[in-house]
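Novice: no FASTA, just this:
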């Protein structure tokens, strides 16, 4: 009290006029944490704001907020652009809002368990605090709510469902925002949470937030800070700082709003080098069984699958990728025993049958992957695993792919991105296409399922580049690759291409038009496809993507006709494992009168139980097979 009186002469005057006891009582009733934060605001601008607030506020009450002091009347708390801190933080809520997808999305894979949420929950619990982890998609994976007039739907809990799960005594709220196309919806969720909990600090993190914190602050005036990049240590340091009465400006790796209103980034936080020192992802309190029982995730088979991370970062700097902004260009990997022990624990605790490694670049060191395969073989876990993210081929020779299969790996994804050397140079993709084909042939011989990703519509790409990709698609089909997905290029915020297109005025300035751009900036919406090449338009990009996939599957089935029957059989059994099969399953499901297996609409009406949907799908698929025969 004495310290604050010295900082703010107006308070001293008020205290002398009404008495110290009354002053303390009234101030503490309205702002119980004010005195723990007084030393945060010892600069001239803050004191000027404080004095102004004293003059303007009835009864001399002072409005204290993080990270700046702002004048305002007590009754205007809900509309204030800053947050009042909470000194004691014991209960923390971590939130992953619902997923958002176009209504015309052509696959039925819509979500997966959030590794980010599980890692953050682990480090906060390790710091001695209670955690409520709210995975809005996982809590209600069967619920779809259309966003009127947008052509989008929300899959998961609505805003009120999230708010209802936040504890009343929460002292800190963290929200993860990974995907830019979801930001226009997520910002509304964040603002609703801020209105419901006006005295609780809210911090954002995730890939989208790391890519564009300035716009996040502009959209969400109630947030305290944005965590930039790797978030575990930053989150715990932020909570500790706020609990100790220190400014978020004292924490490395965050963006905050300065007292002048501009966005200031603190010192960049160094990433962890020894990943095995991190606690394992903590899935407690999350709706994991909702995922496991439905087989929801990015695994090949619909079994009890959970995601894992063995490494972080990527040493490459592809122009279309936002990884350098989020992680930098350093690649680190965990100790083999640490990864295997985590897998053993998850098998024992949750009955997991399969694992999907979400690493950006999983296989770089041949010695590591061979040791990992050897350990899995020794442990006899009776599980499968896969690599759904695009990996590189430098270490994927005959010896490695055979070891992968023997250890339980059943599928891996290659990422040539283009068959055009000119395009590869333009996008800074350092890959040798012939070596990649050699690796694909080796994985076919080993018995693995291969998927390859091709992207068309890059800035500067010409039709001859697309034709070069088509030729490479034919070569992959001849090599025996099982699955090829041809995607339209989308400029992710934080990527070099996004910055380039913004500078050229081809992406709208921040505002309503920019948000419409974000909503449609996805690769799996046929209606929303957009060409970013100056040499062909949107109609061409739709033709190029569908034509590329049609070319691949036609060639594959012509060369290996028996695969046609395997494809139909997997669709009939509800076990698709290629992009084509997932697309066809989506069509079959719609023909059966449902959105996806066991799903319900926003009004709560359940179309049918999962078993009945499977029976319908089986009947429809059997008919398709008979018709084809």
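Specialist: Perfect, I can see it now. What you see is a predicted model; the values in this text were computed from it and never measured.
Novice: What are the buried residues along stretch 555-565?
Specialist: The neighbour-count check on stretch 555-565 (16 or more other Cβ atoms under 10 Å) flags 555, 556, 557 as buried. C-betas here are computed from N, CA, C, even on glycine.
Novice: average pLDDT across that stretch?
Specialist: Mean pLDDT, computed over stretch 555-565, is 95.
Novice: How far away from the center of its chain is it?
Specialist: 36 Å (Cα atoms, centre = their mean, to the nearest Å).
Novice: Repeat that for stretch 431-449.
Specialist: 29 Å.
Novice: what's the nearest residue to residue 458 once chain neighbours are set aside in contact with, if anything?
Specialist: Of all residues not flanking residue 458 in the chain, residue 489 sits nearest, at 4.9 Å (Cβ to Cβ, 6 or more residues apart in numbering). The contact partners of residue 489, taken as Cβ atoms under 8 Å, 6 or more residues apart in numbering, are 320, 455, 456, 457, 458, 459, 461, 497, 532.
Novice: any idea which of the residues you listed is the one closest to residue 351?
Specialist: residue 455 (37.0 Å; Cβ to Cβ).
Novice: picking up where we left off before, from the contacts of residue 489, which single one is nearest residue 264?
Specialist: Nearest to residue 264 among the contacts of residue 489, with distances taken as Cβ to Cβ, is residue 497, at 26.9 Å.
Novice: which residues are contacting whatever helix or strand that closest one lives in?
Specialist: Taking DSSP states H and E as the criterion, residue 497 maps to helix 496-503. The contact list for helix 496-503, computed with Cβ under 8 Å, 6+ apart, reads 211, 317, 319-320, 322, 427-428, 458-459, 489, 491-492, 507, 532.
Novice: Tabulate the contacts of residue 489 (TSV), appending pLDDT, distance to residue 224 and secondary structure.
Specialist: Listed next are the contacts of residue 489 as TSV, based on pLDDT from 0 to 100; distance: Cβ to Cβ, whole Å; DSSP: H, G, I helix; E, B strand; the rest coil:
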residue	pLDDT	distance to residue 224	secondary structure
320	90	32	coil
455	95	37	strand
456	96	42	strand
457	95	39	coil
458	96	38	coil
459	96	37	coil
461	97	42	coil
497	95	31	helix
532	95	35	coil
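Novice: Could you let me know which of those ends up closest to residue 471?
Specialist: Among these, and counting by Cβ to Cβ, the member closest to residue 471 is residue 456, at 13.3 Å.
Novice: Surely that closest one touches residue 470?
Specialist: No - the criterion here is Cβ atoms under 8 Å, and residue 456 misses it with residue 470 at 9.4 Å.
Novice: Geometric centre of this structure: which residue is closest?
Specialist: Nearest residue to the geometric centre of the chain (Cα atoms, centre = their mean): residue 178, 3.1 Å.
Novice: Now do the same for it: helix, strand or coil?
Specialist: The three-state label given to residue 178 by DSSP: H, G, I helix; E, B strand; the rest coil is coil.
Novice: I'd like the distance between it and residue 217.
Specialist: 18 Å (Cβ to Cβ, to the nearest Å).
Novice: likewise residue 393?
Specialist: Relative to residue 217, and taking Cβ to Cβ, residue 393 is found at 41 Å.
Novice: buried residues in the longest helix seen in the chain?
Specialist: Longest helix of the chain, by residue count under DSSP state H: helix 538-559. By 16+ other Cβ under 10 Å, the buried positions in helix 538-559 come out as 540-542, 544-545, 547-549, 551-553, 555-557.
Novice: name the helices or strands packed onto it?
Specialist: When contacts are defined as 3 or more Cβ pairs under 8 Å, 6 or more residues apart in numbering; DSSP states H and E, helix 538-559 packs onto strand 449-456, helix 463-479, strand 483-488, helix 562-572, helix 579-591.
Novice: Recalculate using a threshold of 6 Å.
Specialist: Counting contacts by 3 or more Cβ pairs under 6 Å, 6 or more residues apart in numbering; DSSP states H and E, helix 538-559 packs against helix 463-479, strand 483-488.
Novice: need the buried residues of stretch 555-565 in a markdown table with distance to residue 203, can you?
Specialist: What follows is the buried residues of stretch 555-565, written out as a markdown table (distance: Cβ to Cβ, whole Å):
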| residue | distance to residue 203 |
| --- | --- |
| 555 | 50 |
| 556 | 48 |
| 557 | 51 |
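Novice: ok, so of those, who is nearest residue 382?
Specialist: Using Cβ to Cβ, these come closest to residue 382 at residue 556, 31.2 Å.
Novice: which residues touch that closest one?
Specialist: residue 477 (Cβ atoms under 6 Å, 6 or more residues apart in numbering).
Novice: do you know how far it is from residue 468?
Specialist: Residue 556 is 19 Å from residue 468, by Cβ to Cβ.
Novice: Ok, residue 183 next?
Specialist: Applying Cβ to Cβ, the value for residue 183 to residue 468 is 35 Å.
Novice: So which of the two has more stuff around it?
Specialist: residue 183 (27 against 19; other Cβ atoms under 10 Å).
Novice: picking up where we left off before, shared neighbours of residue 456 and residue 470, anything?
Specialist: By Cβ under 6 Å, 6+ apart, no residue touches both residue 456 and residue 470.
Novice: Among the two, which residue is more densely surrounded?
Specialist: residue 456 (29 against 20).
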